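Asker: Mind folding the following:
(3 chains)
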Amino acid sequence: MTTIRLSVPQTADRGEIIELRAMIQHEMESGFRFGSRGEMIPQDIITKFECFYNGTLFFSSDFHPGVAANPILKFYARANESGSFEFVWTDQDGQSWSDSAQIEVS
Amino acid sequence: MRLLAACFLFVGAACSPETTQLEPDFTIEASQRVSGSNFLTPETVAQQNDDFENPGYLWVERGADLFEQGEPSCAGCHENGLEGVATHYPAFDTGTQTLINLEGRINLCRTRHQGLTSLPYESDELLSLTAFVAEQSRGLPISVEVTPQTQSAFESGANYFMTRRGQLNLACTQCHDDNWGKQLRGDTISQGHGNGFPAYRFEWEDFGSLHRRLHDCDTGVRAAPMELGSQTYIDLEFYLAVRASGLELESPGIRR
Amino acid sequence: MIPRVAAATEDEMNEAIRGMFGDRVITEGRVNVDLPPIAENGFSVPIDISVDSPMTEDDYVKQIVVLSPRNPLPVLAQYHLTPMSGRADVSARIRLGGTQSIRVIAEMNDGTLWSGAKQTLVTLAACVID
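Answerer: Okay, here's the model as predicted:
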């Protein structure tokens, strides 16, 4: 079970610059920590985040072990048309999670 | 031995026998009682208060989903929500004649009313449901009382709090009553209240129960910790709740 | 014995920068990095980066790279922007293995490179035991 939280305004004026926030539940195991018996805990991280606006990729990020657990991002978009924002996270093994939110632009 | 002496100072309230309440005496007076969040940076307090930036809401949100599940669902029986409920926990359950905490209550509802099994302590599901219920009391003052039924649990909790343990031979009271506000290995010691839990701790990089925090304090003095969900920790949780009476619940809190 | 993980050094960070951008000139400026002066601990430090750019089709920030001279790995995160971003401003939370100056490099669509940095004091470090 992976919980995702999004914050996208429901409405915007055409051309307005809007704030988008996204958070996903993930431990981002860095690969640099040690377990109770001194063994190194293997790396398990999300490596890629992508955000699509009506299907067009306009913002992405590469995550490395230096990104904190349960990664949160805040970034911006120019609201040009009504439609949807899709947020996609992909981990080092290719597993991915996504969620989307609608916006009304007038 | 001053430590132990401080622990059983009760002032029997001068009221009628059927409403007997015991008013325990604490080292930290009510007027000096402050939440652990008083010892956090303003940035962290702001993060705790922002219900998007606060990662604890990942668990609250999952709890809200789980609350709709089961046959009947939790929501089916608790359609008016559970506002204020967490302020009264731990509480005495008449059915089992034991003191239970919120996690225990949720598990009792599963076994008693939903025909389901108990969720393991510290499982993501139990933490999520607990966070969802606790969040409905955010900002409300803790309000638990010692009654004749819960007096022995209170005493056992008080005893745990006052007893030196571990290789460092330290009691909870020595850090949280006698030395709060002081620095310890880059950390500031708070008064040791549980009002922020379940909470997101940066050091865990995860969300966890009060019992997990108690476990960390026990291992911090190199003592053998109790099991999470054990009656010993529930009694201690009860003592802490009485000791924190009036403090506002902050769950999902954020802590170092 | 406490196991140790070697932390990156200033040199390794500079090597990572050369690996990404070769010997291209990096000019100080246009990149504003915001970090708390004192971090509660190194596990989750808020960072806010804003780059001075109109974010139009002809003039925009293509990439932002967050670098550390002290974490086990020098590159913490990269962000790829487009004119559709509207504003070159990103906030996130990073892990810091100790007190250090975080360096941020922005690559513009015309290929120029700009940078900014911010020092933060970390009382309890993440990722490394030191």
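Asker: which residues are there in the stretch 151-256 of chain B that come within reach of chain C?
Answerer: Taking C-beta under 8 Å from any C-beta of the partner chain as the measure of proximity, the stretch 151-256 of chain B contacts chain C at B:186-187, B:202-203, B:205, B:256. Yep, even glycine has a C-beta here, placed from its N, CA and C like the rest.
Asker: Helices along chain B, start to end?
Answerer: In chain B, the helices defined using DSSP state H lie at B:2-5, B:42-49, B:56-67, B:74-77, B:102-113, B:124-135, B:151-162, B:172-176, B:210-220, B:231-243.
Asker: related to what we said a few turns ago, among the residues of the stretch 151-256 of chain B next to chain C, name the buried ones.
Answerer: Buried members of these, scored by 16 or more other C-beta atoms under 10 Å in any protein chain shown, are B:202-203, B:205, B:256.
Asker: to the chain's geometric centre, what's the distance from stretch B:133-151?
Answerer: Mean-position distance between stretch B:133-151 and its chain equals 9 Å (C-alpha atoms, centre = their mean, to the nearest Å).
Asker: tell me the mean pLDDT for that stretch?
Answerer: For stretch B:133-151, mean pLDDT is 97.
Asker: Which of the residues of the stretch 151-256 of chain B next to chain C fall within strands?
Answerer: Among those, the members falling in strands are B:Asp187 (criterion: DSSP state E).
Asker: coming back round to it: want to try CSV for the helices of chain B, with distance to chain A as columns?
Answerer: Formatted as CSV, the helices of chain B follow (distance: least, C-beta to the nearest C-beta, whole Å):
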stretch, distance to chain A
helix B:2-5, 31
helix B:42-49, 10
helix B:56-67, 5
helix B:74-77, 17
helix B:102-113, 17
helix B:124-135, 7
helix B:151-162, 24
helix B:172-176, 24
helix B:210-220, 10
helix B:231-243, 20
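Asker: Out of the ones you listed, the one nearest B:Leu249 is which?
Answerer: Nearest to B:Leu249 among the helices of chain B is helix B:124-135 (6.4 Å), distances taken as C-beta to C-beta.
Asker: Does anything pack onto that closest one? Which helices or strands?
Answerer: On a contact count with 3 or more C-beta pairs under 8 Å, 6 or more residues apart in numbering or on different chains; DSSP states H and E, helix B:124-135 meets helix B:56-67, helix B:102-113, strand B:206-208.
Asker: could you dump the ones you listed to CSV with distance to A:Phe32?
Answerer: Formatted as CSV, the helices and strands packed on helix B:124-135 follow (distance: least, C-beta to C-beta, whole Å):
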stretch, distance to A:Phe32
helix B:56-67, 24
helix B:102-113, 32
strand B:206-208, 17
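Asker: Redo the ones you listed as a markdown table? Include distance to B:Gly81 and mean neighbour count.
Answerer: As requested, the helices and strands packed on helix B:124-135 are exported to a markdown table (distance: least, C-beta to C-beta, whole Å; neighbours: other C-beta atoms under 10 Å in any protein chain shown):
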| stretch | distance to B:Gly81 | mean neighbour count |
| --- | --- | --- |
| helix B:56-67 | 9 | 22 |
| helix B:102-113 | 14 | 19 |
| strand B:206-208 | 21 | 23 |
